[in-house]
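Engineer: Pasting the sequence and the predicted coordinates here, then a few questions.
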Amino acid sequence: MTLNVDTPAPARRPGPRRTAGHRSPGRGGRGFARFDLRATPYFLVSPYFLLFAIFGVFPLGYTLWVSLYDWELAGDKTFLGLDNYINLITDGAFWNAVVNTLGMFVISTIPQLVLALIIANALNKRIRGRLFFRLGVLLPLVTSVVAVAVVFTQLYGRDYGMINWFLGLFGVDAIEWQNQSWSAWIAISTMIDWRWTGYNAIILLAAMQTIPKDLYEAAALDGASPRRQFWQITVPMLRPTLVFVVFISTIGGLTLFTEPVMFEGNPTMAGGATGQYQTVAMFIVKEAFRDFDMGYASAAAWLLFALILIGTLINYSFTRRIGGKK
Amino acid sequence: MTAIQTRPRSTRSQPRNRIWDAGPLTKVVLAFALVLSAFPIYYMFIMATRTNDEAIDTPPPLLPGGHLGENIQRLLSTEDAYFATGLINSAIVSITVTLSVVLISTLAGFAFAKLRFRGSKILLGLILVTMMVPLQQMGIVPLYEMMVTLGWTGQIQAVILPFLVNGFGVFMMTQYTTQAVPDELVEAARVDGASTMRIYANVVLPAVRPGMAVLALLTFMQSWNEFMWPLIVLNPDNPVVQTSIAALNQAHGTDYVMLFTGTAASVLPLFIVFVAFGRQIVGGLMEGAVKA
């Protein structure tokens, strides 16, 4: 830790200032060693930043630019200023997509987190074949999203689907899962939950194992029941990890795309006859690549980003409260 | 020097507290979770061995049938899905992306974890912030225009290029290198006159190999899964495996068994990887989560 390359000299002027020369070998290659110490770190991180600039930063900025125009793929481009944004804010179809996205996000995330907590707590117990169970709950993560959507769409089929057959055993009439927004939301949310609950459980389990055991010891001595220990020790101590998990779920949930697209079967991006399960991501793709209104789609992309920012902030302040008594 | 133990494996001594023993409720929860996790996958493989008539039986079949070979043949001869092309393309895309992400992330991770340079904190912070931006969806219009300008729409390099780097990979390798490579080792190599690149090759790479493996597996899974961007930038006759299944779904949505044979084939490579390296994946996820 005595290595110190943070000299105040500007990088451009390789003056006579000593850098970390005292650490480099006294042999011939002193000049190279100094250059190596100073320049190589930048060389090592540059591939990332170079590629990220081209395929990440540039498109992002360019999207902002495009969003100010009436922009068609090969056609004329007319400057509109903020018109695209103003039109979006008054566009019922856009708000419909926002409501669908938020709806599916909420009804998928809450059960998912509760289930993940329960499973993680179970996995944290002393039991035979621990690794087997851990691998088992991770299995869905290894399935591709498209495959999940195909399988679940068949399971939710009206006539031959296993879920309607199962519900039929209890005398429930066949449900047309795709026809209403509530049923489509549920169907799509189960696809998300099925794939991600185990992953979240593993992450929470990892965090649970870092909680000092003597906390539980002390609580047990004081006569706290296992349930009380769970709520008063485990959950509050998991707060940072819960923040992380909610953060990941927020981004994933608000950019939802593959499941609803596969659910509709025909990738028209309409999300059902009345757009009952069209998400914001689908809306963007539809505007850009079905209706070729690139400017409008770009404005929607920036509004999606705003939505994610707001969502993250709300969730952050929400999750902060967990165990706030501590 | 090649075998640096980074974590003490389950050396924790468990105090006797009855909450650690799995009660009947725990067993029920775990059994239930396992069945729910495995069932849709099992169902998918079962359907791939059945005929369409059997697939719509009530109650649905729950045991394998004998039509797998015939379903595979039908799948491969279906013209509008180009399934074999999709599989090959996905393999090329995933392997290229994985190699690139792992190489670039270990290089940058080493620099951020073990080297001191001006602005390193800011640069790392920048990566963390950008991990929050859904770049793929936000930049989709410019990326598409870029590919049109370069004349690469419909070709797989258009799918590969935007995924060559990954902020999560850099972040993960930074974390991993920090804990897997002792500072003294780097300094000792430095005193011996090793250049930075030599330290990377001879000290860092051997030590971070387990982390690289986990990153490689996660990246492979992610790129194998990629759907939205290939759907937009590729043509139906030159798909990746996921868009090829979407095409099957669109054109042959009622041919259940062929659709299921396709999805089963598309997840098979992932399962092979999972069966071979599952333990490392679980370990890596848990380790990454704790340190994050």
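Structural biologist: Right, received. Where do you want to start?

Engineer: host element of the spatially most central residue of chain B?
Structural biologist: Nearest to the geometric centre of chain B sits residue B:221, at 2.2 Å (C-alpha atoms, centre = their mean). Per DSSP states H and E, residue B:221 falls inside helix B:209-225.

Engineer: Contacts for that helix, please.
Structural biologist: Here helix B:209-225 makes contact (C-beta atoms under 8 Å, 6 or more residues apart in numbering or on different chains) with A:141-142, A:144-146, B:6, B:90, B:93-95, B:97-98, B:101-102, B:105-106, B:163, B:166, B:169, B:172-173, B:176-177, B:180, B:205, B:241-242, B:269-270, B:273, B:277, B:280-281, B:283-285, B:288. Using the backbone N, CA and C atoms, a C-beta is placed for each residue, glycine as well.

Engineer: which helices and strands does the helix or strand following it pack with?
Structural biologist: Counting by DSSP H and E, the element after helix B:209-225 in chain order, helix or strand, is helix B:228-233. Packing contacts for helix B:228-233, counted by 3 or more C-beta pairs under 8 Å, 6 or more residues apart in numbering or on different chains; DSSP states H and E, involve helix A:280-289, helix B:135-138, helix B:140-150, helix B:157-160, helix B:241-252.

Engineer: got the contact list for residue B:147?
Structural biologist: If a contact means C-beta under 8 Å, 6+ apart, then residue B:147 has B:153, B:158, B:233 as its contacts.

Engineer: out of the residues you listed, which one sits closest to chain A?
Structural biologist: residue B:233 (9.7 Å; C-beta to the nearest C-beta).

Engineer: Pull the number of nearby residues for that closest one.
Structural biologist: The local packing count at residue B:233 equals 23, with neighbours defined by other C-beta atoms under 10 Å in any protein chain shown.

Engineer: ok, it touching residue B:157?
Structural biologist: No. Using C-beta atoms under 8 Å, residue B:233 is not in contact with residue B:157; the gap is 10.1 Å.

Engineer: remind me which residues of the stretch 151-292 of chain B are low pLDDT?
Structural biologist: B:288-292 (pLDDT under 70).

Engineer: And residue 11, what's its pLDDT?
Structural biologist: Picking chain A for this. We have a pLDDT of 42 for residue A:11.

Engineer: looking at chain B here, not the other one
Structural biologist: pLDDT, residue B:11: 47.

Engineer: Longest helix of chain B, counting residues only.
Structural biologist: Across chain B, the helix with the greatest residue count (assigned by DSSP state H) is helix B:256-291.

Engineer: Next, the buried residues of that one.
Structural biologist: By 16 or more other C-beta atoms under 10 Å in any protein chain shown, the buried positions in helix B:256-291 come out as B:256-267, B:269-271, B:273-274, B:277-278, B:281-290.

Engineer: filter those down to the ones close to chain A.
Structural biologist: Near chain A, judged by C-beta under 8 Å from any C-beta of the partner chain, the entries from the buried residues of helix B:256-291 are B:256, B:259-260, B:263-264, B:266-267, B:270-271, B:273-274, B:278, B:281-282, B:285-287, B:289-290.

Engineer: quick one on the thing from earlier: would you mind writing the CA trace of the helix holding residue B:221 as CSV?
Structural biologist: Backbone C-alpha positions of helix B:209-225 (Å, rounded to 0.1, in the frame of the first residue of the first chain) are rendered in CSV as follows:
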residue,chain,number,x,y,z
ARG,B,209,-10.1,-18.3,-12.3
PRO,B,210,-13.1,-19.3,-10.2
GLY,B,211,-14.6,-15.9,-10.5
MET,B,212,-14.0,-15.9,-14.3
ALA,B,213,-15.8,-19.2,-14.5
VAL,B,214,-18.9,-17.9,-12.8
LEU,B,215,-18.9,-14.7,-14.9
ALA,B,216,-18.5,-16.8,-18.0
LEU,B,217,-21.4,-19.0,-17.1
LEU,B,218,-23.7,-16.1,-16.3
THR,B,219,-22.7,-14.2,-19.4
PHE,B,220,-23.2,-17.3,-21.6
MET,B,221,-26.7,-17.8,-20.2
GLN,B,222,-27.5,-14.1,-20.7
SER,B,223,-26.4,-14.0,-24.3
TRP,B,224,-28.0,-17.3,-25.1
ASN,B,225,-31.2,-15.7,-23.8
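
Engineer: Contacts only, for the closest residue to residue B:246 other than its chain neighbours.
Structural biologist: What sits nearest to residue B:246 in space, not counting adjacent residues and going by C-beta to C-beta, 6 or more residues apart in numbering or on different chains, is residue A:267, at 6.0 Å. Contacts here follow C-beta under 8 Å, 6+ apart; on that basis residue A:267 touches A:261, B:231, B:246, B:250.

Engineer: which ones are touching residue A:164?
Structural biologist: Taking C-beta under 8 Å, 6+ apart, we find residue A:164 in contact with A:156, A:157, A:158, A:172, A:174, A:175.

Engineer: Now for the residues you listed, which sits with the most neighbours around it?
Structural biologist: residue A:156 (23 neighbours).

Engineer: Settle this for me: it is touching residue A:179, isn't it.
Structural biologist: No. Residue A:156 is beyond contact range of residue A:179, at 11.3 Å (criterion: C-beta under 8 Å).

Engineer: Closest residue of chain B to chain A?
Structural biologist: Chain B approaches chain A most closely through residue B:139 (2.7 Å), counting by C-beta to the nearest C-beta.

Engineer: so who does that residue touch?
Structural biologist: A:55, A:56, A:58, A:59, A:60, A:62, A:63, A:301.

Engineer: Dump those residues to a markdown table, plus neighbour count.
Structural biologist: Compiled in a markdown table, the contacts of residue B:139 are given as follows (neighbours: other C-beta atoms under 10 Å in any protein chain shown):
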| residue | neighbour count |
| --- | --- |
| A:55 | 21 |
| A:56 | 22 |
| A:58 | 15 |
| A:59 | 25 |
| A:60 | 18 |
| A:62 | 17 |
| A:63 | 25 |
| A:301 | 28 |
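
Engineer: Which single one of these is nearest to residue A:130?
Structural biologist: residue A:56 (39.6 Å; C-beta to C-beta).

Engineer: Return the residues in contact with that closest one.
Structural biologist: B:130, B:133, B:135, B:139, B:165.

Engineer: please redo it, this time with the cut-off set to 6 Å
Structural biologist: Contact partners of residue A:56, counting by C-beta atoms under 6 Å, 6 or more residues apart in numbering or on different chains, are residue B:135.

Engineer: quick one: it and residue B:225, what's the gap?
Structural biologist: 19 Å (C-beta to C-beta, to the nearest Å).

Engineer: now swap in residue A:200 and tell me
Structural biologist: Taking C-beta to C-beta, one finds residue A:200 at 18 Å from residue B:225.

Engineer: For the residue in the stretch 51-200 of chain A that chain B sits nearest to, give me its contacts.
Structural biologist: Closest approach between the stretch 51-200 of chain A and chain B, counting by C-beta to the nearest C-beta: residue A:59, at 2.7 Å. Residues near residue A:59 by C-beta under 6 Å, 6+ apart: B:139, B:142, B:143.

Engineer: Closest to residue B:112 out of those?
Structural biologist: residue B:139 (24.5 Å).

Engineer: Name the nearest residue to the closest one, sequence neighbours excluded.
Structural biologist: Excluding its sequence neighbours, the residue lying closest to residue B:139 (C-beta to C-beta, 6+ apart) is residue A:59, at 2.7 Å.

Engineer: So the one you found, which state does it fall into?
Structural biologist: Secondary structure, DSSP: H, G, I helix; E, B strand; the rest coil: residue A:59 is helix.

Engineer: do residue A:256 as well
Structural biologist: Secondary structure assignment for residue A:256 (three-state DSSP): coil.

Engineer: That one touches residue A:280, doesn't it?
Structural biologist: No. Residue A:256 is beyond contact range of residue A:280, at 8.2 Å (criterion: C-beta atoms under 6 Å).

Engineer: quick one: which of those two has more around it?
Structural biologist: Neighbours were counted for residue A:256 and for residue A:280 using other C-beta under 10 Å; residue A:280 has more, 26 against 23.
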